[in-house]
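Enquirer: Just need the structure, nothing else, for what follows:
(one chain, ligands or ions: 3)
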Amino acid sequence: MRSAKGRSLPEIPDIIQGLERHYMVTRTDSDGFITDVNKNFLEISKWTPKRVLDKTIWQMFPNSNDESALVHTIWTDVSNGKTWFGAAEKLTRTGESYFVSLLAIPHVVEEQGVTSVTFLELDMTEDIERRKQLQQLAFIDYETGLMSRHKLETTVDEAIAEDRHFSLVHLTIDHYFTLKELQSSDFEIEMIQAFSNRVKRYFQDNPIARIGVNEFIVITPFGDWYVQGFLQFLEQQPISINHSPFPLSVSGGIVRYPEDQISYVHLMKAAVAATKEVTKNGGGKIASLSPASHKILNRKTMIDRKLLTALNDNNLQVVYQPQRDIASGKITLYEALVRWEDEELGYISPDELIPIAEENGLIHEIGQFVLKESAILAASWHEQKHDVGISINTSVREFSNDMMKNKVIGILAAAGCPANLIQIEITEKFAFQAEEENSIQRQMKELQEIGIEFALDDFGTGYASFRYMEHLPLTKVKIDKEFIHSLSTRPRTKQLVEGMIRFGKSMGLYVVAEGVETEEQYDLLTSMGVDAVQGYYIGMPVTADQIDLTNQTY
Ligand code: C2E
Ligand code: CA
Ligand code: CA
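Expert: Residues are numbered from 1 along each chain as shown. Ligands and ions are numbered 1, 2, ... in the order given. Just a heads-up that it's a prediction; the model follows:
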């Protein structure tokens, strides 16, 4: 290459060397599978070459809606032979965010199309963090001049403290990511700014905040009719982009303080849930939550609020369900299941409780409570010379805490319970994440080394990747009760269950069938070679004092 003045420009290899030195470089094949990375990338992302090479480029980005849409845009562009340039958030292998300025260049070969894609990235984390801090200090959203989430929370808390009644309105532009994708990159900011200006014009002096890329909150003393009038206003005065009108469809949710919810967090949750309900029904409306959804949400809120007290007051209970080992004909294990009955809320099933506890973080306390009770019980059986194990259920969130392993060891030691009497059940969703996260795998392996066994629960219902079986220290699988229930009615299910048992055994795993309710199911499963069964046919879940191991009654 020669410049106009005749001096020679750096040759391509020099350019590449320069880029390699200063940029993070990742290369993928045409399907997005990573084929090459450079040292800079490995340093910042904390990946090891061996682990990163069979991953896809998508796995390098956070799994949020905004980021997934962004990756989709980038990939659509490069698949069409276009380069993409912009800012993006990425995740290190250990799950920390870093921010990059990213250039994605497809390599296009005639007649074959895109054969590989090169991603060049510069780390911008420090700049972005600094800008974020400035924003927080100023309480202002950088692009729109609206309040930030932080300032919104203070404003709402003040209004609540003074007991001023208000509506909290959540607004969002429908099909935002599709709209954005169809347009140029400046379009996004232009659209958000134009939309913010309309919101400001209509709601005037009311507090307005931007809480997400495409999420706005308005606080207003006025009622639903006034808020809903915003949509007519927007129709009459559409935003314009490049000097021509650009009609937008907008969805929103309204909650009232104090009638509907009484705290910032719950107001926000209810407003977002109301918007979701509108969007699900086609969008283009601003509405309050339907009475039915409100009831569900209120029950959720109540459970959320009362759970901590219930835990502190020891109001939760553990019941134990026997599992029979076919070879010995004996009950060798009990599964611990959590129970909660509240005076006001009635019976709260684990299926209702666990997702809420996962969300508010109390799952750690529940897990520790169940483990502690189980360890004390197993230890007391052990002392009476009955070596019967107890299996506990865990959620993946419990393990994302790096201290999980130490907590388990601590609880067992305090109870004087040998580790080999405790088994931990994980679900397929858990396994999926554990496969991704090194620290979960490491903790599992360390626990296995001291004698704790791991069983894969609800086998066959979820993400069913046989890869977990290779990477995770599992010794058992539990075939989900859904399959067992249709065992004698559906011939296909019978084949499927037979296949699962064969598969499990071929991997050297101990195969358990759960939810066994009838003699017919029991006989069929035993003839198929299952190792153990659990279900109402063997025994119902009962409290510890109802179990008598001497006579093997329960
Ligand atoms: P799971 O681990 O699959 O537990 C088995 C569920 O099936 C239990 O429901 C049990 O009562 C029920 N069951 C047992 N035998 C039969 C049967 O023969 N027929 C039928 N139809 N059902 C049977 P439960 O106690 O309501 O628990 C539901 C789920 O909640 C559990 O499913 C488990 O995933 C979760 N869970 C329960 N306790 C805990 C806990 O302490 N921690 C965590 N993280 N999750 C828990
Ligand atoms: Ca289970
Ligand atoms: Ca299960």
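
Enquirer: SS state for the closest residue to Arg149 other than its chain neighbours?
Expert: Of all residues not flanking Arg149 in the chain, Ile211 sits nearest, at 4.6 Å (CB to CB, 6 or more residues apart in numbering). No exception for glycine: its C-beta is placed from N, CA and C like everyone else's. Three-state call for Ile211 (DSSP: H, G, I helix; E, B strand; the rest coil): strand.

Enquirer: my read: Ile211 touches His150, true?
Expert: No - contact criterion CB atoms under 8 Å: Ile211 and His150 do not qualify, at 9.7 Å.

Enquirer: Those two: which has the busier surroundings?
Expert: Legend: neighbour count by other CB atoms under 10 Å for Ile211 and His150, higher for Ile211 (19 against 15).

Enquirer: how much space between that one and ligand 3?
Expert: Noted for Ile211: a distance of 38 Å to ligand 3, by CB to the ion, to the nearest Å.

Enquirer: Any stretches of the stretch 151-300 of the chain with poor pLDDT?
Expert: The stretch 151-300 of the chain contains residues with pLDDT under 70 at 185.

Enquirer: What segments of it are helices?
Expert: 176-181, 185-203, 224-236, 264-280, 291-312 (DSSP state H, counting those that start in this stretch).

Enquirer: my read: Asp174 touches Thr279, true?
Expert: Yes - with contact defined as CB under 8 Å, Asp174 reaches Thr279; the gap is 6.9 Å.

Enquirer: Need the residues touching each of those two.
Expert: Ser251 (CB atoms under 8 Å, 6 or more residues apart in numbering).

Enquirer: Nearest residue to Gly284 in space, please, no chain neighbours.
Expert: Per CB to CB, 6+ apart, closest to Gly284 is Ser249, 4.6 Å.

Enquirer: Could I get the phi/psi values of that neighbour?
Expert: Dihedral angles of Ser249 (phi, psi; degrees, to the nearest 10) stand at phi -100, psi 130.

Enquirer: I'd like to know how many residues surround it.
Expert: For Ser249, using other CB under 10 Å, the count is 16.

Enquirer: for it, what are its contacts?
Expert: Neighbours of Ser249 in contact, by CB under 8 Å, 6+ apart: Ile173, Asp174, His175, Gly283, Gly284.

Enquirer: In PyMOL, select just the buried ones from those residues.
Expert: Of the contacts of Ser249, the buried ones can be selected in PyMOL as follows, counting by 16 or more other CB atoms under 10 Å:
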select buried, resi 173+174+283
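
Enquirer: Tabulate the contacts of Ser249 (CSV), appending distance to Lys478.
Expert: Output for the contacts of Ser249, formatted as CSV (distance: CB to CB, whole Å):
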residue, distance to Lys478
Ile173, 45
Asp174, 43
His175, 42
Gly283, 41
Gly284, 46
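
Enquirer: low pLDDT regions in this structure?
Expert: Checking the chain against pLDDT under 70 turns up 1-10, 132-138, 185, 462-467, 552-554.

Enquirer: Assign the spatially most central residue of it to helix, strand or coil.
Expert: With distances taken as CA atoms, centre = their mean, the chain has Asn63 as the residue nearest its mean C-alpha position (8.2 Å). Using three-state DSSP, the structure places Asn63 in coil.

Enquirer: Asp36 too?
Expert: Per three-state DSSP, Asp36 ends up strand.

Enquirer: picking that back up, and the helices of the stretch 151-300 of the chain, which is most packed in?
Expert: helix 264-280 (a mean of 20; mean count of other CB atoms under 10 Å).

Enquirer: Residues of this structure that sit close to ligand 3?
Expert: Asp457, Asp458 (CB under 5 Å from the ion).

Enquirer: Okay, strands next: where are they in the stretch 101-250 of the chain?
Expert: 113-123, 166-173, 208-212, 215-220, 239-241, 244-246, 250-257 (DSSP state E, counting those that start in this stretch).

Enquirer: JSON lines for these, including distance to Gly86?
Expert: Shown next, in JSON lines, are the strands of the stretch 101-250 of the chain (distance: least, CB to CB, whole Å):
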{"stretch": "strand 113-123", "distance to Gly86": "11"}
{"stretch": "strand 166-173", "distance to Gly86": "20"}
{"stretch": "strand 208-212", "distance to Gly86": "18"}
{"stretch": "strand 215-220", "distance to Gly86": "20"}
{"stretch": "strand 239-241", "distance to Gly86": "19"}
{"stretch": "strand 244-246", "distance to Gly86": "22"}
{"stretch": "strand 250-257", "distance to Gly86": "25"}
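
Enquirer: so which of those comes closest to Glu449?
Expert: strand 113-123 (37.4 Å; CB to CB).
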